[in-house]
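Q: Below is the sequence, then the predicted model.
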Amino acid sequence: MTRAIRGDQNEASAPQHNMITEWLEADAEPRPWRKPRRRKVLFALATVLLISLTALTALLWPGSEADAPLPSATPEEWSHAAPLEKTLYGHTGWVRSVVFSPDGRTLASGSDDDTVRFWDMSDPTDPTPLGKPLTGHTDPIAAVAYSPDGRTLATSSTDRTVRFWDMSDRADPTPLGKPLTRHSTDPTSWVAAMAYSPDGRTLATGGLDNTLRLWDVTDRTNPTPLGPPLTGHTKTVAFLAYSPDGRTLATGSYDRTVRLWDVSDRTSPAPLGPPLTGHTNPLMSLAYSPDGRTLATSASDYSTRFWDVSDRTRPTPLGEPIFLGDSPSVWWVVGLAYSPDGHTLATISGDRLVRFWDVTDRTRPTLRGQTLTDQTDRLESVAFSPDGRTLATSSDDGTVRLLTP
């Protein structure tokens, strides 16, 4: 999933929060961005570690002929998930966003080091870097999104631009047109979240100015706004998700609410009923189930909630919220991802645990297992591969980690 950069969203637990973006709230005073320090000693240690891991990997996972495609893993299989012993190195800053290409052959990661990196996932047991890091942004990457056909990558940054890249040659992406700089008239605002519509004709962007915008991206070189900004949220629009049928857009905000928008006519979007309430602290993530009947939301109130959106004009809570506890050692769910078959929900939290929930019964999510990643800092983003056989997590330690059932 694509993660917005998080700020100090829980007034009661400010010390636990990501200091680097305390000013995300729209009413906060902007502060200078601090880029990651690069220390030669750390680089040397990382190099030694990388060489050691590479040697170990060569012994444990020798090359083999590609297997036939496997079905998406079941919740029971994910309950035994384990690291592939594949840690992707290269970034020198926190990795905020990780996303698979629609065909699953490429993994993209966006970082505070101002770059996007690509990894060849044709063989998930042997991922390799693709080309050089993508440069052009002058500040940290906030969000990354692939178009549904995989031909275009959109990247947003705290440099207040959105850039589009032609991915025809995935090892050598090229810029498309000029950077998009018109999300907001607020000079301190930038795009915190992005989502493509399922048909690929529209890009939705959410910003620090509390607004949502829709863009016609039919011409990849010249995105044009579809109407004025959409208002309703009172704080940063940090999370976006289209329903699978493309008729509804869900927006999550630090104002503690989720709003649903009718985007059947993308030139005339309209709110669908009142906002969804229940969370008592700012939103941290949201995701639609693949069948579009359920919306999962998490917040810094330590809860994950499920909503029946079968009738999108009248969403209703499903069952009881999931609470991980209110201990600082547990933290809250900061990322959600449904498996492609919709039977498993993966959640990541500040304790570096990936938890796997069986959501076959929408009213009674069942914890099937949990895996402690080998990443050494807080997790930021999570994504399933399109075939449902690989899970990627990104971390503040600058790495991307791969899990398999």
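A: Cool, the structure landed.

Q: Just confirm residue 119 contacts residue 129, I think it does.
A: Yes. Here residue 119 lies in contact with residue 129, judged by Cβ atoms under 8 Å, at a distance of 6.1 Å. C-beta here means a position set from N, CA and C on the backbone, and glycine is covered the same way.

Q: any residues in contact with both of the two?
A: Listed as contacting both residue 119 and residue 129 by Cβ atoms under 8 Å, 6 or more residues apart in numbering are residue 88.

Q: So which of those two has more stuff around it?
A: The residue with more neighbours, out of residue 119 and residue 129, is residue 119; 22 against 14, by other Cβ atoms under 10 Å.

Q: Who are the contact partners of that one?
A: Applying Cβ under 8 Å, 6+ apart, we find residue 119 in contact with 88, 106, 107, 108, 109, 127, 128, 129, 130, 400.

Q: quick one: secondary structure of the fifth one?
A: Put plainly, it is residue 109. Three-state call for residue 109 (DSSP: H, G, I helix; E, B strand; the rest coil): strand.

Q: Confirm for me that it is in contact with residue 117.
A: Yes. In this structure, residue 109 is within contact of residue 117 by Cβ under 8 Å, at 5.2 Å.

Q: who touches both of those two?
A: Counting by Cβ under 8 Å, 6+ apart, the common neighbours of residue 109 and residue 117 are 88, 91.

Q: Which one of these two is surrounded by more residues?
A: The residue with more neighbours, out of residue 109 and residue 117, is residue 109; 28 against 23, by other Cβ under 10 Å.

Q: how close does that one get to residue 332?
A: 23 Å (Cβ to Cβ, to the nearest Å).

Q: Can you show me the helices along this structure?
A: 40-60, 75-78 (DSSP state H).

Q: Can you flag the weakest of those by average pLDDT?
A: Here the helices of the chain differ in mean pLDDT, and the lowest is helix 40-60 at a mean of 37.

Q: what's residue 108 in contact with, if anything?
A: By Cβ under 8 Å, 6+ apart, residue 108 lies in contact with 97, 98, 99, 100, 101, 116, 117, 118, 119, 144, 146, 153.

Q: from those residues, which single one is nearest residue 385?
A: residue 100 (5.1 Å; Cβ to Cβ).

Q: Count the neighbours of the residue nearest to the closest one when sequence neighbours are not counted for me.
A: Counting by Cβ to Cβ, 6 or more residues apart in numbering, residue 100 lies nearest to residue 385, which is 5.1 Å off, once chain neighbours are set aside. The number of residues packed near residue 385 is 21, by other Cβ under 10 Å.

Q: so where's the stretch 51-200 of the chain shaky on pLDDT?
A: Residue ranges of the stretch 51-200 of the chain with pLDDT under 70: 51-72, 76, 78-85.

Q: Without its sequence neighbours, what residue ends up closest to residue 316?
A: residue 308 (4.9 Å).

Q: Hmm, that neighbour is touching residue 318, no?
A: Yes. Between residue 308 and residue 318 there is a contact under Cβ under 8 Å: 5.1 Å.

Q: which residues do these two both contact?
A: 294, 362.

Q: More neighbours: these two, which one.
A: Neighbours per residue (other Cβ under 10 Å) separate residue 308 from residue 318, with residue 318 holding more: 21 against 17.

Q: Could you measure from the more buried one over to residue 362?
A: Here residue 318 is placed at a distance of 5 Å from residue 362 (Cβ to Cβ).

Q: do the same with residue 184
A: To residue 362, residue 184 is 37 Å away according to Cβ to Cβ.

Q: Sounds good, over and out.
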